[in-house]
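Colleague: This is the structure alone, sequence omitted:
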């Protein structure tokens, strides 16, 4: 039987796929009856589509596999705290439980900026667990952004050299 | 030149397409430089996908048409106040302005339950206008739900007759 850590490792593997494409490394999986029925990684740049977040893509695949927009008995694992859009997609698809790794203080809508998944005014609430493999998933993101900054710095330096 | 009312009428025509499919009648269009570059209507039931809201589909089409996930100079017209997911998609795609018709007191995240589009903590804020063709768009929804209730009542009555 797979544990929470095992599922998060699969979400991390999805995040690695995003990184290979030069995308911000975020990955997600949807689990139903112990089985992974949806996977997704951030592909915003590749497809130039603002909605192509890991969670949305994993939810779409899960809906397709179950043949239903209701993912009532499903859990979603994601390497970063979901944003507003993804929190809304989680609510709309009636996902039962969300397990996320690293927090997102700037855009996270589950615990950081809002508590959207637990709003009693809505017709669905979601159980939340955070911190599973938080350091590993956070490190992946920090490493990615460090590389991006380094690359930009090198490019600026090169352009200066060309100009001189 | 098309006015706000004209664009909302196109969004209403999209909502009518949803109604024909038996879907909750909600429609949206994305406008760039006066031209409609994205259209969408609710297709959650048809495709059994929780993310197939009018706004998300209109945004996806607009991104595809512009070849960019950034819809910075675009306006979105929608017949009902956007939910959390769609508000997040609007923020993520950097849409400049949202014009919506009817309010959604139960799930609206622009003015009713939240003011997500104007959160200063996020890296993008959206101008909002509401009430354009609100009565017409609201009536469409009310009519739809009245029909649904009527149909259910007739079905229950028929099943009772069969049982007796």
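Modeller: Okay, I see it. Given the structure is predicted, the values throughout are model-derived calculations rather than measurements. Numbering: from 1, shown residues only, chains lettered A, B, ... in the order given.

Colleague: Contacts (any at all) between chain B and the helix or strand residue A:160 falls within?
Modeller: According to DSSP states H and E, residue A:160 maps onto helix A:134-163. No. Helix A:134-163 lies out of reach of chain B by CB under 8 Å from any CB of the partner chain, never closer than 14.9 Å. Using the backbone N, CA and C atoms, a C-beta is placed for each residue, glycine as well.

Colleague: on contacts alone, who are the packing partners of that helix?
Modeller: Counting contacts by 3 or more CB pairs under 8 Å, 6 or more residues apart in numbering or on different chains; DSSP states H and E, helix A:134-163 is packed against helix A:4-20, strand A:74-80, strand A:97-102.

Colleague: Please spell out which residues along that helix are buried.
Modeller: Neighbour counts over helix A:134-163 (16 or more other CB atoms under 10 Å in any protein chain shown) mark A:134, A:136-138, A:140-141, A:144 as buried.

Colleague: any idea which of the residues you listed is closest to chain B?
Modeller: Distance to chain B, by CB to the nearest CB, is smallest for residue A:141 among the buried residues of helix A:134-163, at 16.5 Å.

Colleague: Distance check, the nearest residue to residue A:131 once chain neighbours are set aside against chain B.
Modeller: With sequence-adjacent residues excluded and distances taken as CB to CB, 6 or more residues apart in numbering or on different chains, residue A:131 is closest to residue A:101, at 7.2 Å. The span separating residue A:101 from chain B equals 20 Å under the rule CB to the nearest CB, to the nearest Å.

Colleague: Can you name the residues of chain A sitting close to chain B?
Modeller: Counting by CB under 8 Å from any CB, the positions of chain A adjacent to chain B are A:44-45, A:47-53, A:56, A:59-60, A:63-64, A:67-71, A:83-89, A:91-94, A:106-107, A:109, A:113-114, A:116, A:119, A:121-123.

Colleague: and the angle from the helix holding residue A:160 to helix A:4-20?
Modeller: 10 degrees (axes from the mean of the first three to the mean of the last three CA atoms, to 10 degrees).

Colleague: okay, the angle between helix A:134-163 and strand A:97-102?
Modeller: 50 degrees.

Colleague: Determine how far helix A:134-163 lies from the middle of the whole chain.
Modeller: Relative to its parent chain, helix A:134-163 has a centroid offset of 21 Å by CA atoms, centre = their mean, to the nearest Å.

Colleague: quick one: average confidence on that helix?
Modeller: Here helix A:134-163 scores 94 as its mean pLDDT.

Colleague: hmm, back to that, could you identify which of the helices and strands packed on helix A:134-163 is most buried?
Modeller: Across those, the average number of neighbours (mean count of other CB atoms under 10 Å in any protein chain shown) peaks for strand A:74-80, which reaches a mean of 28.

Colleague: who's in contact with that strand?
Modeller: Outside strand A:74-80, the residues that touch it by CB atoms under 8 Å, 6 or more residues apart in numbering or on different chains are A:4, A:7-8, A:10-12, A:14-15, A:25-32, A:37, A:54-55, A:58-59, A:62, A:86, A:90, A:93, A:95-102, A:104, A:108, A:132-133, A:137, A:140-141.

Colleague: what are the pairing partners of it, and which direction each?
Modeller: With DSSP bridges as the test, strand A:74-80 is paired with strand A:27-32 (antiparallel), strand A:97-102 (parallel).

Colleague: low-confidence ranges in chain A?
Modeller: Along chain A, no part satisfies pLDDT under 70.

Colleague: what about 90?
Modeller: Where chain A drops to pLDDT under 90, the residues are A:1, A:160-164.

Colleague: Now do stretch A:101-112: everything it contacts.
Modeller: Contacts with stretch A:101-112, where a contact means CB under 8 Å, 6+ apart, come from A:8, A:11-12, A:78-84, A:86-87, A:98, A:100, A:113, A:116-117, A:128, A:130-134, A:136-138, A:141, B:88, B:121-123.

Colleague: Which positions in it come out as buried?
Modeller: Across stretch A:101-112, burial judged by 16+ other CB under 10 Å covers A:101-104, A:107-111.

Colleague: same thing with stretch A:52-71?
Modeller: Neighbour counts using 16+ other CB under 10 Å place A:52-63, A:66, A:69, A:71 of stretch A:52-71 among the buried residues.

Colleague: For these, which two are the farthest from each other?
Modeller: The two members of the buried residues of stretch A:52-71 with the most space between them (CB to CB) are A:52 and A:66, at 20.8 Å.

Colleague: Give me the nearest residue to residue A:52, chain neighbours excluded.
Modeller: Nearest residue to residue A:52, sequence neighbours excluded (CB to CB, 6+ apart): residue A:43, at 4.5 Å.

Colleague: My guess is the one you found contacts residue A:58. True?
Modeller: No. Contact criterion CB atoms under 8 Å: residue A:43 and residue A:58 do not qualify, at 11.6 Å.

Colleague: Residue A:56 in helix, strand or coil?
Modeller: Using DSSP: H, G, I helix; E, B strand; the rest coil, the structure places residue A:56 in helix.

Colleague: how close does residue A:43 get to residue B:142?
Modeller: Using CB to CB, to the nearest Å, residue A:43 is found at 39 Å from residue B:142.

Colleague: meant to ask about residue A:92
Modeller: Distance, residue A:92 to residue B:142, by CB to CB: 22 Å.
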